[in-house]
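[1] Turn this into a model:
(one chain, ligands or ions: 1)
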Amino acid sequence: MSDAYIALADGRVLEARCRAPGRTRGELVFTTAYTGYEESLTDPSYEEQVLTFSYPLIGNYGVRADRFESGRVHPRAAIAREFTDSVATWLESEGVPAIDHIETRDLVTSIREEGAMKCGIAAGEDATPEDAKAELADCKAMSDHVDIGSQVTTPEQTTHLGDGSYDVALIDCGAKGSIISSLNERGADVHVLSCEASADDVREVAPDVLFISNGPGDPANFTNAQSLVEEFAGELPIAGICLGQQIVARAFGGDTEKMSFGHRGVNQPVRDLDSGRVVMTTQNHGYTVSDPGELSVKQINVNDDTAEGLASEDLGIITRQYHPEANPGPHDSLDFFDDVLAMADENEPVATAD
Ligand SMILES: NC(=O)CC[C@H](N)C(=O)O
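    The predicted model follows:
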């Protein structure tokens, strides 16, 4: 007798082993990352999703809090072929259901063929297939989570000090901690503002750069962050990562669309169209910029040509669809943060002779 079940939107109910009990639901996605499970599980971009690891053994180097990207686990549940006890114990202590001893090759193939799909999970001694189906019945489409930003944004404004060389206003749509530390390491003081912050809140921190973070869900639901980009366009340099790129594109007349199963992993190849250079990147997204609007596409995904980097030199804008902060992942693209701060240098008001 199994003690865990997952009900899929395609009608199947699969049996598994309970590693952390509970009932839950979410959008079923997979990552091919073979490392970085602590970072992925604490990445706010996974809010309202159920994360399947295609790599078969998850937890083989333990769980260490200094690798966390935020204060809690964000996926609603986690699935692997095999979780070690350390990961299972951690997820149980966080109240996040985890299941393993499931054929993840089959699960991942279904997601590849049918797309990211709703699912329901029931795990624990008295779990039944009907419980999993009841969870599935209550599962909302990702774009219907209209307030998802409020689930992940900072409850209050905070400042993380670099050495005072720059001030960055980071609009927190579910920011990963290593975006903040990547900026701090380069001398920037980072003011973390709610995704519902007003233009006055932004002005109050006198930023050199407006930075829109990564985050969960449909970028179309982040209308306030989009309006901030519209407000400061041409006045401040603007940068964005992942959800940030999507929001910036929408602010400049562009559009986004849902992908079938998205990009989640640590070996996504990206080509820079000016230099021809290809870098390996970390990715975690289910939407893509289908129309860059007034911005230019500067980088593309080698596998499917989707937009990976946008820019406008005139307006002082650069964005990335992937995760240059690289936690987890290859460090090929950390220079993005240097490029962002270089925009702030160029934006210095020209001294006038008196
Ligand atoms: N990592 C992210 O910022 C993800 C962005 C967006 N939620 C998507 O799925 O495409």
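
[2] which residues sit against whatever helix or strand residue 343 lives in?
    Secondary-structure element containing residue 343, defined by DSSP states H and E: helix 335-346. For helix 335-346, contacts defined as Cβ atoms under 8 Å, 6 or more residues apart in numbering pick out 165-166, 182-183, 186-188, 208-209, 211, 237, 239, 316, 318, 320, 324-325. Every residue, glycine included, has its C-beta placed from N, CA and C.

[3] what lines up beside the helix or strand harbouring residue 308 in the sheet?
    Residue 308 is located in strand 307-312, with elements delineated by DSSP H and E. Note on strand 307-312: by DSSP bridges, its sheet partners are strand 296-301 (antiparallel), strand 317-320 (antiparallel).

[4] which one of these is the most hemmed in?
    strand 317-320 (a mean of 27; mean count of other Cβ atoms under 10 Å).

[5] Show me the contact partners of it.
    Contacts of strand 317-320 (Cβ under 8 Å, 6+ apart): 212, 233, 237-242, 244-245, 248-249, 252, 295, 298-299, 308-311, 333, 336, 339-340, 343.

[6] Could you write me a PyMOL select line covering just the buried ones among these?
    The PyMOL selection below is limited to those of those classed as buried (16 or more other Cβ atoms under 10 Å):
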select buried, resi 212+233+237+238+239+240+241+242+244+245+248+249+252+295+298+299+308+309+310+311+333+336+340+343
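
[7] which of the contacts of strand 317-320 are close to the ligand?
    residue 242 (Cβ under 6 Å from any ligand atom).

[8] can you tell me which residues contact the residue nearest to residue 323 when sequence neighbours are not counted?
    Counting by Cβ to Cβ, 6 or more residues apart in numbering, residue 323 lies nearest to residue 282, which is 4.4 Å off, once chain neighbours are set aside. Residue 282 makes contact with 33, 36, 265-266, 268, 322-323, 326-330, according to Cβ under 8 Å, 6+ apart.

[9] shaky segments in the stretch 201-350 of the chain?
    Within the stretch 201-350 of the chain, the set of residues satisfying pLDDT under 70 comprises 348-350.

[10] Quick check: residues of it near the ligand?
    Checking the stretch 201-350 of the chain against the ligand by Cβ under 6 Å from any ligand atom, the hits are 214-217, 242-243, 284-287.
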